[in-house]
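Trainee: Fold the following and give me the result.
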Amino acid sequence: MDAAESRPAASNGVVHVMDRACPPEVIEEALLLARPGEKLICIGPLPESRVSPLESAPVTKVSLTELEFHPEKVPAELRGGRVVYQCWSVQAGGHVRAFLSDESAPIALRLARPPSESEAGQLLELAGDGKLAVACPTEFVAARLPTGDLAAEVRVIPPPGEVDAAARSDASRRSRLRRQLGIAPAQVAIAAPGPVHRGSGHRYVVWATAILVVGELPVRLIVPHTGREARNVVEFARQAGFGERTQLAELRLPDVLAAADVAVFLDAAGPPPMPLAAAMCAGLPIVAARTPAAGEWLIDGRNALLVAPQEPRATARALMQVVEDKALAAKLGSAARSSAVAKFDLESIRRRWQQLRAGLQSPPAAEA
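Mentor: Presented below is the predicted three-dimensional model:
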């Protein structure tokens, strides 16, 4: 008996599978949802991020070389059995299908954003090879799946929002984080959470903040160090003449939100679901681009201020309202949290995932 045969397959469990394609906010979601005893696997290199939560998480790292050429080293969790593989990117699902001996193993896939053309093709392949269920964070994403050809169950399951419920109520922690980011006591910290990439809207946040700086408002911009374009955005701010008011934050999402006074989301494709849900649960006043995706969770003037996409002046006016009107900022933040607490409740979302996975594990109905 070789080493592979001597290692028992996991049974009756959930295995969370990630890979390099998973952005940090999706990994934060995976770590929140994983219950004690559920396994976490990262196939291939860790995601490119200076603030990857996987660095300190109990994750089993598996190289693609081992999967392809050294099957005896493959962990038991990737050998099939009575397991549902909860994959956190389309690519991770492809790896599971490619290397599992049981090609029909059920996969529950999180699709955090509309699929690219290549991802849509992979989705169709995954559905054709075995049991597949897809969980989208919003109706906006679900409506952009190739549903006409996709033989898979599709459900809308939002991300959990309470990434760290105690963060903003911990005054000493908040003070420490703000000192670390160079935020003076009188300054208003504008955070632009979410991955930084071309089209993410972070440059429009820079322009809007620059307008406030010229107007001598006491603001400081916090850009998370997530995504390859993060440094370019900070350099763009420096060239605009207010690099000293812009901070590249090598912090995880909970810490960025704990230090912030307002959150801004200007991606024309819609705000990243996990950071938006977390900002709402944190009770931050929110300024966001008016998009169909944002409209599912945000109502202009009630729990956010919505502005035209790619309009830095309109964004600056909205930010000025929040900075100068403390009562408005408090009202927006309170309303955001009130509308988010039930929608993004961790245990409720865990139950919805459990129901999705249970459907994948159910035996097929007997033919008449």
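Trainee: who touches the residue nearest to Pro75 when sequence neighbours are not counted in this structure?
Mentor: Nearest non-adjacent residue to Pro75, counting by Cβ to Cβ, 6 or more residues apart in numbering: Thr60, 5.5 Å away. Where you see a C-beta, it was placed from the backbone N, CA and C, and this is true even at glycine. With contacts defined as Cβ atoms under 8 Å, 6 or more residues apart in numbering, Thr60 is in contact with Lys39, Leu40, Ile41, Cys42, Pro75, Glu77.
Trainee: Mark which of those are part of strands, please.
Mentor: Lys39, Leu40, Ile41, Cys42 (DSSP state E).
Trainee: Kindly reformat these as a markdown table containing distance to Asp325 and pLDDT.
Mentor: Listed next are these as a markdown table, based on distance: Cβ to Cβ, whole Å; pLDDT from 0 to 100:
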| residue | distance to Asp325 | pLDDT |
| --- | --- | --- |
| Lys39 | 49 | 88 |
| Leu40 | 44 | 89 |
| Ile41 | 48 | 89 |
| Cys42 | 45 | 88 |
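Trainee: Which one (most neighbours) among the residues you listed?
Mentor: Cys42 (24 neighbours; other Cβ atoms under 10 Å).
Trainee: And the helices in the stretch 51-200 of the chain?
Mentor: Secondary structure of the stretch 51-200 of the chain (DSSP state H, counting those that start in this stretch): helices located at 64-69, 90-99, 117-129, 139-142, 171-180.
Trainee: Let's have those in CSV, adding mean neighbour count, distance to Ser200 and mean pLDDT.
Mentor: Output for the helices of the stretch 51-200 of the chain, formatted as CSV (neighbours: other Cβ atoms under 10 Å; distance: least, Cβ to Cβ, whole Å; pLDDT from 0 to 100):
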stretch, mean neighbour count, distance to Ser200, mean pLDDT
helix 64-69, 13, 28, 81
helix 90-99, 22, 20, 88
helix 117-129, 16, 18, 85
helix 139-142, 18, 16, 93
helix 171-180, 14, 23, 92
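Trainee: now for those, which one comes closest to Leu32?
Mentor: helix 90-99 (17.3 Å; Cβ to Cβ).
Trainee: ok, residues contacting that closest one?
Mentor: If you take Cβ under 8 Å, 6+ apart as the criterion, helix 90-99 is touched by 17-22, 43-44, 64, 67-68, 74, 78, 85, 87, 103, 105, 107, 109, 111, 115, 119, 122-123, 125-126, 129-130, 132.
Trainee: again with stretch 17-24
Mentor: Stretch 17-24 has contacts (Cβ under 8 Å, 6+ apart) with 26-27, 30, 40-49, 51-54, 59, 85-93, 95-96, 112, 195, 226-227, 252-253, 272.
Trainee: Among those, name the buried ones.
Mentor: 26-27, 30, 40-44, 46-47, 49, 51-54, 59, 85-93, 95-96, 112, 195, 226-227, 252-253, 272 (16 or more other Cβ atoms under 10 Å).
Trainee: contacting residues for His202?
Mentor: Per Cβ under 8 Å, 6+ apart, neighbours of His202: Ala192, Val196, Val223, Glu229, Ala230, Val233, Leu266.
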